[in-house]
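*Asks:* Prediction below, plus the sequence it came from.
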Number of protein chains: 2
Amino acid sequence: MPLATRRAPGRPLLRHPAQVIVTAFAAAVVVGTLLLMLPVARPGAHGAPAITALFTATSAVCVTGLATVDTASYWSDFGQAVILSLIQVGGFGIMTLASLLGLLLSRRMGLRTRLTAAAETKSLGLGDVRAVLVGVAKVSLLFECLTAVLLTGRFAFGYDEPWGRAVHLGVFHAVSAFNNAGFALYSDSMTRFVTDPWICLPLAAAVVFGGLGFPVLLELRRLLGRPREWSVHTRLTVGTYAALLVIGFLFITASEWNNPGTLGPLHTPGRLLAGLFQAVMPRTAGFNSLDYGQMNDGTLLGTEVLMFIGGGAAGTAGGIKVTTFILLFFVVYAEVRGEHQVNAADRRIGERVQRQALTVALLAVGLVVSATLLLLGLTGLPIRDVLFETVSAFATVGLSTGITGELPTSGQLVIAALMFVGRLGPVTLVSALALRETQRRYTLPEGRPLIG
Amino acid sequence: MPLATRRAPGRPLLRHPAQVIVTAFAAAVVVGTLLLMLPVARPGAHGAPAITALFTATSAVCVTGLATVDTASYWSDFGQAVILSLIQVGGFGIMTLASLLGLLLSRRMGLRTRLTAAAETKSLGLGDVRAVLVGVAKVSLLFECLTAVLLTGRFAFGYDEPWGRAVHLGVFHAVSAFNNAGFALYSDSMTRFVTDPWICLPLAAAVVFGGLGFPVLLELRRLLGRPREWSVHTRLTVGTYAALLVIGFLFITASEWNNPGTLGPLHTPGRLLAGLFQAVMPRTAGFNSLDYGQMNDGTLLGTEVLMFIGGGAAGTAGGIKVTTFILLFFVVYAEVRGEHQVNAADRRIGERVQRQALTVALLAVGLVVSATLLLLGLTGLPIRDVLFETVSAFATVGLSTGITGELPTSGQLVIAALMFVGRLGPVTLVSALALRETQRRYTLPEGRPLIG
Ligand SMILES: [K+]
Ligand SMILES: [K+]
């Protein structure tokens, strides 16, 4: 299985990239668990039980946001700082590592030449790694700072929080939002801000930018006004993300419009804002300004579909990724139209990429169904809640109808495992599959959007 | 779109086979609806309302078995005879038409040469049609008579029914079983016979044989003891059907073992028999000897998976078909193993067939999810029951947790439409797609199991 087919200018660093990623994330979870078990991580004299620390650390590193305990009251300031660090490490880690894998995979993505002007190879040099690390750090810092400033101002001026507290709240939620983590310092997430656009809109914007992925952000910075020059990956990601956002907004708003437990009591602008917020969050941030426990079963199912699809590749979002979804859509579309080739965004989509997308999607379905069956057997909870919980965990979303805290230890372990596999499975699977491709037949320029 | 590429010995009969099938089934539904609206179809002076007649006729023609009214008490003997005729017409129709389409599609399936010894062409002559019609009629009559004799004997000797009534019961349930229709003359389906192997086993056997499909039955008759000579279609169908039967039996029995509403009160042999019966019926017959309304949510989800996969192609079963499912499994397996070719049962599976299987499966998922969202919006019923109902309708299974009778008219129309599309969609879609293939590249002998 040769990962480096030609000698690169720099030294090849990642010989088994999938192993590197899994090991790094597992190590972060272990360190986080140990830190959260320290007595100083909790108010009072005793530390958290191992299962609680493990679940929280996994949820933070995998930027999921599911929590069996109330983040604000259960953990001390130290504990919250650990959680925030784990979120930052997890979000930064997945963004950089997935971008590096994208570099390895994709000659046509354009990332390499723009980033390093290096020759087209299948191995990575130190220069690539440095460029990606610096690029992701800059992007993260930029968006997190912007969001934190806006939120801090609103907390200070709109809610009369003291400045120290306002900064604490602003920074925590900004980092949590950009990294699509969904951890909040309010026990009811963002429910109290449901009609406050000054809180909801910056959070939603940070979630969207983090969820589009680093390659897309990098390209948008250069070519924002020139969509004709966008790569196939950027076109598919932005187009699909936007379409799903509009569809999700219309669906959720219409479906919940008269529900007395959710949108019903709000005035019309409030309903629209809350609908928009709940349309952004399944992709895959996990904040909520409405109570999902009160939602219609139909809204939950629609939200599950959005969560499963997820966000952009090589970003902080989870799910099977929008490119995987839209590629399968184009495969079906081509087949129904009787076309031999599958085209998307003016590019032919190769058969291997089609099969990789199919593999990611079907394995994901199998994983979610298996985990749901297991959890139903372990808990006896209703399928309405359990299916929502497993899709949320797999896609590292963090939304819940409220059963997370009720899960027995065995159920918590299932969800923790699902978060870990959901976070790393699609990206490592696709890269492992794609890096193994040895023999490609070119008949037309081949488009290769990042999937998984 | 040339459907006849070479002139066949006989006159080409089916120029637009998909249209023929859809028209024929729609006509059968219309005729059945009109007959069931006659006052004579019901006890008393008044006929059934149009929606009830339409729903029942659609359910019968599509051999589904979902019912908004109690078949035994709501309809007169005439009405029951109409329903039985519709079942026989629907089951015979789908078996012959799907087999004829299989003939059109498949040069390698072996059906043509064995049946008619005609040259390999892509058009059908009168000889083909006659051979298939006679073959299906013989097979149906054989299995239905065998089952009816066994059932009638049991009803007469085991339950002291008068002979006329015993024959009535025996014939109705035998026809219903072989055609995978699931209509029963007991308001609680087969629940009262849950521990009676003399009723349950003949029914289950008839369901299995009807659900394997005509091409498989034809080949099994010739080559029963020589599995090495089976075609790829037969090998995949029999193997997958058997594997899913075993898995379903183990899963359902284990999952319901201690449920006081289902298996709990039975002795151990009764539990095993009931587990077996409930493992056969989702494929896709629709009789039940346990109350699905009382089942665990996990059992329902597992049953939904079995129903969605369904039975064999060109038989009376519904669903996406076992061959579609197993092909996708092999595609994923090959991709994960890094193999360029997808092989199943010692044959290479062509890329077009892979894409057709993917198309059928994904469109089916989209259809079921859309119908579920629609029905949730129309009824406000729990997702546990609605999802089970839509999967059951799509796969023409007929199992229900008991909400069919509670559906509003709009909901009944959705389910009726879903039964019709579920019955005809996969087979017509696949044949439309496959008949359009103009340009095949042969590199290895290509295996073409029937899918959809
Ligand atoms: K999240
Ligand atoms: K049925």
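*Replies:* Great, that's in hand. Ligands and ions are numbered 1, 2, ... in the order given.
*Asks:* Which element, helix or strand, includes the closest residue to ligand 2 within the stretch 101-250 of chain A?
*Replies:* Proximity of the stretch 101-250 of chain A to ligand 2 (Cβ to the ion) peaks at A:I247, 33.6 Å away. Backbone N, C-alpha and C define where each C-beta goes, glycine included. Following DSSP states H and E, one finds A:I247 within helix A:232-256.
*Asks:* packing partners for whichever helix or strand comes after that helix?
*Replies:* Next in sequence after helix A:232-256, counting helices and strands by DSSP H and E, comes helix A:268-280. In terms of contact count using 3 or more Cβ pairs under 8 Å, 6 or more residues apart in numbering or on different chains; DSSP states H and E, helix A:268-280 is assigned the packing partners helix A:197-212, helix A:232-256.
*Asks:* Would you check how far apart the residue of the stretch 101-250 of chain A closest to ligand 2 and A:G275 are?
*Replies:* Relative to A:G275, A:I247 is positioned 12 Å away (criterion: Cβ to Cβ, to the nearest Å).
*Asks:* Select the longest helix from chain A.
*Replies:* helix A:126-159 (DSSP state H).
*Asks:* tilt between that helix and helix A:197-212?
*Replies:* 170 degrees (axes from the mean of the first three to the mean of the last three Cα atoms, to 10 degrees).
*Asks:* what comes up buried for helix A:126-159?
*Replies:* Using 16 or more other Cβ atoms under 10 Å in any protein chain shown as the test for burial, helix A:126-159 gives A:128-129, A:131-132, A:135-136, A:139-140, A:143-144, A:146-148, A:150-152, A:154-156.
*Asks:* before we move on, what about stretch A:256-276?
*Replies:* Buried residues in stretch A:256-276 (16+ other Cβ under 10 Å): A:256, A:262-263, A:266, A:270-271, A:273-276.
*Asks:* quick one: which two of those are the most distant?
*Replies:* A:T262 and A:L276 (13.8 Å; Cβ to Cβ).
*Asks:* quick one: the residue of the stretch 201-350 of chain A found nearest ligand 2 and chain B, what's the gap?
*Replies:* Nearest to ligand 2, among the residues of the stretch 201-350 of chain A, is A:L301, at 24.6 Å (Cβ to the ion). According to Cβ to the nearest Cβ, to the nearest Å, A:L301 and chain B sit 6 Å apart.
*Asks:* Tell me if I'm right that that residue and B:L376 touch.
*Replies:* Yes. A:L301 lies in contact with B:L376 (Cβ atoms under 8 Å); the separation is 6.7 Å.
*Asks:* Give the intersection of the neighbour lists for those two.
*Replies:* Shared contacts of A:L301 and B:L376 (Cβ atoms under 8 Å, 6 or more residues apart in numbering or on different chains): B:I383.
*Asks:* ok, for the residue nearest the centre of chain A, nearest residue in space, not its chain neighbours?
*Replies:* Centroid-nearest residue in chain A, with Cα atoms, centre = their mean: A:A317, separated by 1.6 Å. Closest residue to A:A317 apart from its sequence neighbours, by Cβ to Cβ, 6 or more residues apart in numbering or on different chains: A:G311 at 2.4 Å.
*Asks:* Would you quantify the distance from the one you found to A:V322?
*Replies:* 6 Å.
*Asks:* Give me the common contacts of the two.
*Replies:* With Cβ under 8 Å, 6+ apart as the test, A:G311 and A:V322 both reach A:Y241.
*Asks:* which residues of chain A score low on pLDDT?
*Replies:* A:1-17, A:106-126, A:435-452 (pLDDT under 70).
*Asks:* Write out the residues of chain A neighbouring chain B.
*Replies:* Residues of chain A lying close to chain B (Cβ under 8 Å from any Cβ of the partner chain) are A:255, A:296-298, A:300-302, A:305, A:328, A:331-332, A:334-336, A:338, A:340, A:351, A:354-356, A:358-359, A:362-363, A:369, A:372-373, A:376-377, A:380-384, A:386-387, A:429, A:433, A:436, A:439.
*Asks:* And the one helix or strand A:V332 maps to, what's buried?
*Replies:* Element membership of A:V332, judged by DSSP H and E, is helix A:322-337. Within helix A:322-337, the residues that count as buried by 16+ other Cβ under 10 Å are A:322-328, A:330-332, A:334-335.
*Asks:* what inclination does it have with respect to helix A:197-212?
*Replies:* 70 degrees.
*Asks:* hang on, isn't A:L378 packed against A:T409?
*Replies:* No. In this structure, A:L378 is not within contact of A:T409 by Cβ under 8 Å, at 9.8 Å.
*Asks:* so where do the helices sit in the stretch 1-150 of chain A?
*Replies:* A:17-37, A:50-61, A:71-74, A:77-105, A:111-116, A:126-159 (DSSP state H, counting those that start in this stretch).
*Asks:* returning to what we had before: so which bits of the helix holding A:I247 are buried?
*Replies:* A:232-241, A:244-245, A:248-249, A:251-253, A:255-256.
*Asks:* so what's A:D70 up against?
*Replies:* A:S187.
*Asks:* Roughly how far does it sit from A:F183?
*Replies:* 11 Å.
*Asks:* quick revisit: can you give me how far the longest helix of chain A is from the chain middle?
*Replies:* 17 Å (Cα atoms, centre = their mean, to the nearest Å).
*Asks:* Show me what it is packed against.
*Replies:* Helix A:126-159 packs on helix A:77-105, helix A:111-116, helix A:163-178, helix A:197-212, helix A:214-223, going by 3+ Cβ pairs under 8 Å, 6+ apart.
*Asks:* Distance from the chain centre to stretch A:409-423, please.
*Replies:* 16 Å.
*Asks:* Is there any residue in it that contacts ligand 1?
*Replies:* No. Stretch A:409-423 stays out of contact with ligand 1 when judged by Cβ under 5 Å from the ion, the minimum separation being 9.3 Å.
*Asks:* Give the buried residues for that stretch.
*Replies:* A:411-416, A:418-423.
*Asks:* got a list of contacts for it?
*Replies:* By Cβ under 8 Å, 6+ apart, stretch A:409-423 touches A:25-26, A:29, A:51, A:54-55, A:58-59, A:61-64, A:66, A:68, A:90, A:94, A:318, A:367, A:371, A:374-375, A:378-379, A:389-390, A:393-396, A:404, A:407.
*Asks:* What about ligand 1: which of these touch it?
*Replies:* Answer for the contacts of stretch A:409-423 near ligand 1 (Cβ under 5 Å from the ion): A:T64.
*Asks:* Buried subset of the contacts of stretch A:409-423, written for PyMOL?
*Replies:* Here is the PyMOL selection string for the buried members of the contacts of stretch A:409-423, based on 16+ other Cβ under 10 Å:
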select buried, chain A and resi 25+29+51+54+55+58+59+61+62+63+64+66+68+90+94+318+367+371+374+375+378+379+389+390+393+394+395+396+404+407
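*Asks:* Next to ligand 1, which bits of the stretch 51-200 of chain A? Give me the list.
*Replies:* A:64-65, A:180, A:182.
*Asks:* Enumerate the positions of stretch A:75-93 that are buried.
*Replies:* Quick answer for stretch A:75-93 (16+ other Cβ under 10 Å): A:75, A:78-80, A:82-93.
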